[in-house]
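Peer 1: A predicted structure for the sequence below; I have some questions about it.
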Amino acid sequence: MKKSKVAALLAVAPWALVATTAVAVAQVKNPLPPGSVPLPAQGGASPGNAQQVTVLPRGDTVATRARPEYDPLGIRAGSFLFFPQLSVSEVYNDNIFATDGGKVDDFITVLSPQATLESNWSRHALAIAGGGDFSFYKQNPDEDYQDWFAATDGRIDVSRDIALYGGGGAARRHEIRGSPDDPGGDEPTVYYEYNAFARYDQNFDRFGLTVDGLFDRVDYTNTPVSDGPDISNNDRDRNVYSTPVRLGYEITPDYEAFVRVAPNIRRYDQTPDFDGVDRDSWGYQAVGGLALDFGGITFGEIYAGYMQQFYDDSDLNNVNTPTFGGSVTWNATTLTTLNLAVERNVLETTAIGASSYISTSGELTIDHELLRNVILTAGGAVTNNDYDGINRKDWFYLGNFGARYLLNRNLYLSAGYLYRHRSSTGSDGVDDFTQNLIRIGLQTQL
């Protein structure tokens with residue numbers, strides 16, 4: 001089942017949501033952790049060799065389906081396939097600082113190189129990827145950013161029923177303006193993220209067991225300020241450890257009941273922080289749910305349960321609240337796919353007086369194949385961030401539509417529009433803002 005993208009909506013460059021490139025991903029029951037490189041399916045990758053289909057293969061969608069006449073062939077290197085690509089985009093943002101008044105607009109040129117190396121083996125799999133997003137503002141160069149990432153994943157097929165996974169990566173990112181903890185400096189705050197994971201996956205009779213070990217580190221740099229010392233973010237640096245365990249039982253070929261328990265430990269480098277607060281904590285999420293797959297036409301999972309987070313500092317409120325979520329995809333026709341995703345999590349914040357915020361998000365996306373080489377997409381998302389310990393609630397609303405025009409297997413055009421709005425209430429609330437972004441792009445790939 002595919003993981004919802006909602007949690008990442010506010011953590012990426014906003015124009016990345018306007019028009020995205022479909023990537024061929026392995027259809028696995030339990031998706032790899034966020035940030036992982038998609039692995040080629042068992043049997044190896046053979047882009048360009050598939051036959052044209054009029055019926056979507058099981059688990060495919062309009063966005064992910066193979067298009068042999070337009071998919072890149074890659075460059076063969078022994079038992080690997082190398083897929084380089086480069087996109088150039090021009091973005092207009094009518095409110096680059098995400099402010100309520102005194103809006104400043106600008107044009108941004110974004111260069112996005114990326115390369116993936118995939119194994120083409122009959123058993124096991126290995127994928128290595130790297131890339132970046134480099135932006136150049138026409139009139140506000142202090143807003144320029146240079147994001148990049150590098151990651152690798154692997155799978156060992158121990159037997160027909162047992163597989164081992166492992167991987168990790170590093171990335172340089174920036175906080176977009178208007179994100180929940182944006183300190184509001186003269187330049188965007190740069191941070192580095194490092195992650196690693198290991199997975200044991202086994203099926204026996206009607207049961208399926210997945211055990212993960214996850215590590216994620218976030219390391220912030222100081223935020224530049226022109227009229228005083230830079231804003232230090234050292235007290236935001238942290239490590240997060242998690243060991244989710246999922247046990248499923250196949251009731252029928254169409255239904256699987258499952259339980260999942262995900263304990264976590266969150267440790268900050270600097271405790272107490274600059275405000276004298278110890279933000280270290282531990283917690284868990286325990287849910288039960290149902291995974292469904294009706295012939296690949298409707299598939300996904302839904303779940304509900306409870307989550308708690310316990311803080312070392314007695315001045316911070318512990319979190320005790322229900323949780324729920326899921327993602328369901330419906331291939332309404334062979335030309336139209338709808339996806340509905342919902343999730344609810346406890347997320348970290350350094351807002352003074354708040355222990356965390358509970359983020360509840362919902363997203364609906366629609367993909368439609370107007371022509372074989374013209375794919376339209378539209379969607380909307382709503383996120384509520386409810387801060388625990390202070391009087392603040394933020395609502396984020398996003399809406400987008402876009403199109404991709406595949407000229408041939410090596411070149412395509414894209415365009416799109418994104419609406420982004422924040423409404424903040426409560427005595428500790430922050431300023432509202434609205435952004436409108438328009439994007440056009442050209443991508444070449446081999």
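Peer 2: Great, that's in hand.
Peer 1: Let me know the secondary structure of Asp428.
Peer 2: Recorded secondary structure, Asp428: coil (DSSP: H, G, I helix; E, B strand; the rest coil).
Peer 1: Contacts only, for it.
Peer 2: With C-beta atoms under 8 Å, 6 or more residues apart in numbering as the criterion, the residues that contact Asp428 are Ala351, Gly353, Tyr387, Ile390, Asn391, Arg392. For the C-beta atoms, the positions are set from N, CA and C on the backbone; glycine is no exception.
Peer 1: any idea which helix or strand carries the third one?
Peer 2: Using DSSP states H and E, the element containing Tyr387 is strand 374-388.
Peer 1: now that strand: how far from the chain's centre is it?
Peer 2: 12 Å (C-alpha atoms, centre = their mean, to the nearest Å).
Peer 1: which regions of this protein sit below the pLDDT cut-off?
Peer 2: Regions of the chain meeting the criterion pLDDT under 70 cover residues 1-58.
Peer 1: 50 - rerun?
Peer 2: 1-29, 45-55 (pLDDT under 50).
Peer 1: And the strands in the stretch 1-150 of the chain?
Peer 2: 75-77, 80-93, 106-119, 125-137, 145-157 (DSSP state E, counting those that start in this stretch).
Peer 1: The residue nearest to Val328 when sequence neighbours are not counted: how many residues sit nearby?
Peer 2: Nearest in space to Val328, with sequence neighbours left out and distances taken as C-beta to C-beta, 6 or more residues apart in numbering, is Gly300 at 3.6 Å. Gly300 has 19 neighbouring residues, counting by other C-beta atoms under 10 Å.
Peer 1: Go ahead and report the secondary structure state at Gly300.
Peer 2: Classified using three-state DSSP, Gly300 is strand.
Peer 1: wouldn't it be in contact with Leu292 here?
Peer 2: Yes - at 6.5 Å, Gly300 counts as touching Leu292 under the criterion of C-beta atoms under 8 Å.
Peer 1: Common neighbours of the two, please.
Peer 2: Residues within reach of Gly300 and of Leu292 at once, by C-beta under 8 Å, 6+ apart, are Val328.
Peer 1: What residues does Gly213 make contact with?
Peer 2: By C-beta under 8 Å, 6+ apart, the contact set of Gly213 is Phe197, Ala198, Arg199, Ser242, Thr243.
Peer 1: which secondary structure element contains it?
Peer 2: In this structure, Gly213 sits in strand 207-220 according to DSSP H and E.
Peer 1: Just the buried residues of that strand, please?
Peer 2: Buried positions in strand 207-220, judged by neighbour count with 16 or more other C-beta atoms under 10 Å: Gly208, Thr210, Asp212, Leu214, Asp216, Arg217, Val218, Asp219, Tyr220.
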